[in-house]
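sequence below, structure please.
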Amino acid sequence: MFAHAVKWSCADPDWLFNPAAARLRTLQLVLYAQHLASGHTLVSRALKATTVKKYISDIVKLMMNCSPVPRDFRYAQPGDTRFDPKLEAIFAEIQRYEAMPRKREPFTLHMLVLLEQWASPMPLDHLMSALADWFLVGLYAGNRLSEWAQPDASPHQDISQPQINIFSEPSAFRLGDFIFAIASPDGKSYRKVSAAEAVLAPPGTNITRSWLTWRTQKNGSNGEVRMFTSNPNTAGRSCVAPMLRIARRFIHLRGESDLWTPLSIFRVTGASTPSPITATLIEGTMRSLAAVVYNLDPVKDSKALQLWSSHSLRVGACVILFSMGYTEEQIKWLLRWRSNAFFEYLRNLAITTDRHNLTMDAVGDMPNFL
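From the prediction side, this is the model:
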């Protein structure tokens, strides 16, 4: 892109006097800054704002050295004292993210695919099998740790002593918080059934929907219920299938009459009783996945790996929806936000940058404003 700009500037001394061309040079700097911020570097990692500014400064020096009339295109107009607002906005966004307290990297679909590969040869009650199901549900629902798993604080590593909510009951999902729907033979209607009835239904039963109840929530919407539907693409993902496996795992380990113990449990090989999924187990698995997927060294990149935690599920759910073009209101609704706090989780993603590039290429579809 910039090689083309430099070639053009050296071959055509008059291009600098063309207002449209000048705006294009500034826009190229803006797109390049966004490109760098989204991780397009030799090490495939986003750069800090100060480093991005240096990259842009070096490009400007090259352009000025090749131009008969030097012009710093970081500024929209000659004589401006502040950089172009679009460029400033990118710098500000990078700095905002750098300053975020306890910022977390998102759990991604690439990490989920690898986890599913690890879990595929494992039995139903293995930790990897349980996490694969819960992580997929978390990406659909944007669950917080307290809504499904246990903190590391004693005594919550014991399934009989889970974290308790304001109603003096377990905070995390229990068997009664899962409801399913069995379709009629003609597929035109359905009836709601308990998790136990869905799990014990005959093979081939068409379970088409599920409902998840949040008995308590950080936003105060206690008792909120959300519906999920099965995927018509049998090879695709849905929230119904992992919810059914979670219920089946729990009933296998604890029985259908246990309506008190949280659902997020697994069995350690050789252990007589199941164990709860805790924050440490979640973090350890996520960091192992990130190390493989993003080619991070567990020792040299340990600081970077610390940015994956149990909260990465909620971050990942938000980032996935944003990257695929969901609106602000859709993201808030799907992930149960009442405010715009989710903006704190957004990243400069390559997919949005690529879409921006396609927009800028659509010259023939744009009206002539002159």
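
pLDDT score assigned to residue 38?
In the predicted model, residue 38 carries a pLDDT score of 66.

just residue 20 next, same as before
Taking residue 20 on its own, its pLDDT is 59.

quick check: which element contains residue 213?
For residue 213, the enclosing helix or strand under DSSP states H and E is strand 207-214.

which phi and psi values does the spatially most central residue of the chain adopt?
Per Cα atoms, centre = their mean, the C-alpha nearest to the average position across the chain is that of residue 316, at 1.5 Å. Listed backbone geometry of residue 316 is phi -60, psi -40, with angles given as degrees, to the nearest 10.

so where is the stretch 1-150 of the chain shaky, pLDDT-wise?
Along the stretch 1-150 of the chain, the model assigns pLDDT under 70 to residues 1-22, 38-46, 97-103.

hmm, residue 268 is touching residue 275, no?
Yes: with contact defined as Cβ atoms under 8 Å, residue 268 reaches residue 275; the gap is 5.6 Å. Just so you know, the C-beta spots here come from the backbone N, C-alpha and C atoms, and that holds for glycine as well.

more neighbours: the two, which one.
For the pair residue 268 and residue 275, the greater number of neighbours falls to residue 275 (19 against 12), based on other Cβ atoms under 10 Å.

ok, the residue nearest to residue 127 when sequence neighbours are not counted to residue 151 distance?
Once flanking residues are discounted, residue 127 sits nearest to residue 266: 4.6 Å by Cβ to Cβ, 6 or more residues apart in numbering. Using Cβ to Cβ, to the nearest Å, one gets 17 Å for the distance from residue 266 to residue 151.

for residue 256, grab the count of nearby residues.
Burial of residue 256, expressed as a neighbour count using other Cβ under 10 Å, amounts to 15.

over to residue 78?
One way to gauge burial is a neighbour count; for residue 78, by other Cβ under 10 Å, it gives 11.

wait, what's in contact with it?
Taking Cβ atoms under 8 Å, 6 or more residues apart in numbering as the definition of contact, the neighbours of residue 78 are residue 71.

doesn't it fall inside a helix?
No: under DSSP: H, G, I helix; E, B strand; the rest coil, residue 78 falls outside any helix and is assigned coil.

mind listing the strands for the stretch 151-300 of the chain?
For the stretch 151-300 of the chain, the strands defined by DSSP state E, counting those that start in this stretch cover 178-183, 190-194, 207-214, 224-229, 265-266, 275-276.

isn't the residue nearest to the centre of the chain up against residue 136?
No: here residue 316 lies out of contact with residue 136, judged by Cβ under 8 Å, at a distance of 10.9 Å.
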